[in-house]
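**Q** return a 3D structure for these sequence lines:
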Amino acid sequence: MSTKTVPVLTLEGARVALSAAQARAREIGVPMNIAIMDNSCHLIAFERMEGAKITSINIAIDKAFTAAGHRAPTSIYKENVWPGGPAFGIWNSNGGRFTTIAGGVPIVQDGVVVGAIGCSTGTPAQDEDVAKRGVEAVQRSFKRGSKL
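**A** Numbering: from 1, shown residues only. A predicted model of the protein is given here:
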């Protein structure tokens with residue numbers, strides 16, 4: 001039997017992403033719900049910033065779940081999920097957790113998805129911007145040799 005070693009996102013790495021995403025949310029003046037998942041779609045960290053929408057808590061978590069599990073940003077779906085599109089109805093998969101709203105972004109190390117970040121409360125573009133800041137912070141740490 002053979003095995004394969006793959007990188008893993010740690011709690012420390014999740015905290016790096018959370019911190020950077022929070023900083024960006026404050027910069028743009030939009031408090032966010034921020035969720036970090038590992039590559040197995042398990043929640044590692046979550047933060048609800050003061051003033052973030054309560055109804056966006058599960059949306060942020062589901063954005064991270066979708067990006068980690070599908071290994072792609074949630075923003076890629078657009079017209080594909082509209083009536084008549086090739087992925088119409090995909091949001092009904094995974095117990096209704098699959099989301100096609102921008103704001104979920106995978107975290108990649110050495111070509112492997114190690115987790116994802118999901119943000120929600122702003123517009124889809126704001127959510128994605130904040131999520132990308134979190135991803136970028138973790139990836140900078142990877143490049144410096146950190147084992148996040």
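**Q** ranges for the strands of this protein?
**A** 33-38, 43-48, 104-109, 112-120 (DSSP state E).
**Q** tell me where the chain has helices.
**A** 11-28, 57-70, 124-143 (DSSP state H).
**Q** quick check, residue 87 in contact with residue 77.
**A** Yes: here residue 87 lies in contact with residue 77, judged by Cβ atoms under 8 Å, at a distance of 6.2 Å. C-beta: built from backbone N, CA, C; applies to glycine.
**Q** more neighbours, these two?
**A** A direct count of neighbours by other Cβ atoms under 10 Å for residue 87 and residue 77 places residue 77 higher, at 21 against 16.
**Q** quick revisit: intersection of neighbour lists for residue 87 and residue 77?
**A** Residues touching both residue 87 and residue 77 (Cβ atoms under 8 Å, 6 or more residues apart in numbering): residue 100.
**Q** beta partners of the most centrally placed residue in the chain?
**A** In the chain, the residue lying closest to the centroid (Cα atoms, centre = their mean) is residue 117, at 2.1 Å. Judged by DSSP bridges, the bridge partners of residue 117 are residue 36, residue 105.
**Q** return the per-residue confidence for it.
**A** Here the pLDDT value assigned to residue 117 is 98.
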